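A.B. asks: I would like the atomic coordinates for the input below:
(chains A and B)
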Amino acid sequence: MSFEGELLAILPRLRRFAASLSRDRADGDDLCQAALERGLKARDQWQPGTRLDSWMYRIMRNLWIDEARSRQRAAKTFAPEEAGLTVGHAGDRDIEAHMELSDVDRAMQALPDEQREAIALVLVEGLSYKEAAQLLGIPMGTLTSRLVRGRGALLELMGEAA
Amino acid sequence: MSQIDEAMLIALVDGELDEVNRRRVERAVADDPALAERLALHRRLRDRLSGHYAPVADEPVPQRLRALVEESATVVPLARPVARWRGWAMGGAIAASLVLGLGVGRMSGSEAGPIGMRDGVMVAQGALGRALDTQLASAQEDAAIRIGLSFRRKGGGWCRSFDGAMAGVACREGEGWQVQQVLPGAGTATAYRQASSADARIMATVDALMDGAPLDASAEKAAQSGGWK
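C.D. replies: Numbers count the residues shown, from 1 in each chain, chains lettered A, B, ... in the order given. Below is the predicted model:
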């Protein structure tokens, strides 16, 4: 299959991964679009015969990390000091949007990035530990400990802790 | 409480335990209601999470995302280093005599038309057959028929795309070339030039047939010297 044909075939899964990383579906599709653009531009760097899905997941994840970092920097730079309670939110509109999110979206969003990406790859995308660790460039032990901590946090955030 | 830790429990849920450890955890769970409850909790969490995002992968992909990829399928190859595609669009003055040979049958004289019927399938013959047999995309400045891409077909065998009075794709069958698709080519009239080599329909055929990437100049030469076997 051609590069484009294969890309179209994995597009639904790429969208799902983007949704699980992003705040909401609209942000997810924006992330997905940015990843597609970058992947198409860098297509010559993809080795035919290797997994296109892993390659695209990695591109998407790197874009998301970059974006998350610049968002955090912006939040730190611009948040007024007295706004202690709303640090991390852009304002009322943002908080309203936040309240419309489901429990799952909200809980995922509250996770630290490194736990969230591990959870997204393994629990949502169904990657094996080995695949996920390779994709994230971390040892297996690090991945499993992130999965344990991430799950603990999710259970708590979703009010399901035993 | 057994020595089964949280990591073992979730590894079971994630299907990551080998046979021995899986049995060990399952035995421990059977003997320990608290552990069993914890396991059920983790199973529910995984189901809930994957169930929450599953609809995203099941619904149709928004058009703007599909379009990004589909447009690239027809546009990008033109800009790629494979200059052969681009070369086509500038096909230039193609021998008008070829146009007379369009379609099935024979031209006047001894020269066969470029496409004939054999056992109910279209096969390349005459000038087109010769071009497919011998012409290299890297050396065809003034040729009436221009070879576009040469590539390995899924399931084996060679295919080549061509342009001239007609544009299309032909694949090697035995000693000949079976024409898979034929459209009006860049050579027929200036107005149609853009429509052939860059034609999305030909790209789609190439994409559907091609296994891997098009041959580069040296691989093309090797395949040609080998008689497209």
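A.B. asks: any idea how far A:M1 lies from B:R130?
C.D. replies: In this view, A:M1 and B:R130 are 32 Å apart by C-beta to C-beta, to the nearest Å. For glycine as for every other residue, the C-beta is placed from the backbone atoms N, C-alpha and C.
A.B. asks: meant to ask about A:Q47, not that
C.D. replies: A:Q47 is 36 Å from B:R130, by C-beta to C-beta.
A.B. asks: which of these two has more residues huddled nearby?
C.D. replies: B:R130 (13 against 9; other C-beta atoms under 10 Å in any protein chain shown).
A.B. asks: after the helix or strand in which the more buried one is found comes which helix or strand?
C.D. replies: Using DSSP states H and E, B:R130 falls within helix B:126-134. Next along the chain after helix B:126-134, taking DSSP H and E as the criterion, comes strand B:146-152.
A.B. asks: list the helices and strands that next one packs on?
C.D. replies: helix B:83-89, strand B:158-163, helix B:200-209, helix B:217-225 (3 or more C-beta pairs under 8 Å, 6 or more residues apart in numbering or on different chains; DSSP states H and E).
A.B. asks: just name the most buried of the ones you listed.
C.D. replies: Mean neighbour count, computed with mean count of other C-beta atoms under 10 Å in any protein chain shown, is highest for strand B:158-163 among the helices and strands packed on strand B:146-152, reaching a mean of 27.
A.B. asks: residue contacts, B:Q224?
C.D. replies: B:D133, B:T134, B:L136 (C-beta atoms under 8 Å, 6 or more residues apart in numbering or on different chains).
A.B. asks: what's the distance between the biggest helix by length in chain A and the middle of its chain?
C.D. replies: Determined from DSSP state H, the single longest helix within chain A is helix A:52-78. Computed by C-alpha atoms, centre = their mean, to the nearest Å, the chain-centroid distance of helix A:52-78 equals 8 Å.
A.B. asks: what about it, near chain B?
C.D. replies: No. Using C-beta under 8 Å from any C-beta of the partner chain, we find that helix A:52-78 stays clear of chain B, coming within 11.0 Å at best.
A.B. asks: packing partners of that helix?
C.D. replies: helix A:3-21, helix A:25-41, helix A:113-119, helix A:129-136.
A.B. asks: dump these into CSV; add distance to A:R151 and mean pLDDT as well.
C.D. replies: Shown next, in CSV, are the helices and strands packed on helix A:52-78 (distance: least, C-beta to C-beta, whole Å; pLDDT from 0 to 100):
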stretch, distance to A:R151, mean pLDDT
helix A:3-21, 14, 95
helix A:25-41, 22, 95
helix A:113-119, 7, 96
helix A:129-136, 14, 95
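A.B. asks: which one, of the helices and strands packed on strand B:146-152, ends up nearest to B:S50?
C.D. replies: With C-beta to C-beta as the measure, helix B:200-209 is the member of the helices and strands packed on strand B:146-152 nearest B:S50 (32.3 Å).
A.B. asks: ok, now how distant is the residue nearest the centre of chain A from B:A167?
C.D. replies: Central residue of chain A (C-alpha atoms, centre = their mean): A:L21, 2.4 Å from the mean position. Distance, A:L21 to B:A167, by C-beta to C-beta: 44 Å.
A.B. asks: now do A:E156
C.D. replies: For A:E156 relative to B:A167 (C-beta to C-beta), the value is 63 Å.
A.B. asks: compare those two (neighbour count), which wins?
C.D. replies: In this view A:E156 and B:A167 are compared by other C-beta under 10 Å, and B:A167 has more residues nearby, 29 against 12.
A.B. asks: mind checking the SS state of that one?
C.D. replies: strand (DSSP: H, G, I helix; E, B strand; the rest coil).
A.B. asks: could you check the angle helix A:3-21 makes with the strand or helix carrying B:P55?
C.D. replies: Per DSSP H and E, B:P55 falls inside helix B:33-58. Between helix B:33-58 and helix A:3-21, the angle comes out at 130 degrees (axes from the mean of the first three to the mean of the last three C-alpha atoms, to 10 degrees).
A.B. asks: which of the helices and strands packed on helix A:52-78 sits closest to chain B?
C.D. replies: Taking C-beta to the nearest C-beta, helix A:3-21 is the member of the helices and strands packed on helix A:52-78 nearest to chain B, at 3.8 Å.
A.B. asks: so how far is A:E37 from the one residue sitting closest to the centre of chain B?
C.D. replies: Central residue of chain B (C-alpha atoms, centre = their mean): B:D207, 2.6 Å from the mean position. For B:D207, the distance to A:E37 equals 20 Å [C-beta to C-beta].
A.B. asks: any idea of the mean pLDDT for stretch A:155-162?
C.D. replies: Mean pLDDT, computed over stretch A:155-162, is 77.
A.B. asks: what do you get for stretch B:10-26?
C.D. replies: 95.
A.B. asks: from the chain's centroid, how far away is it?
C.D. replies: With C-alpha atoms, centre = their mean as the basis, stretch B:10-26 stands 41 Å off its chain's centre.
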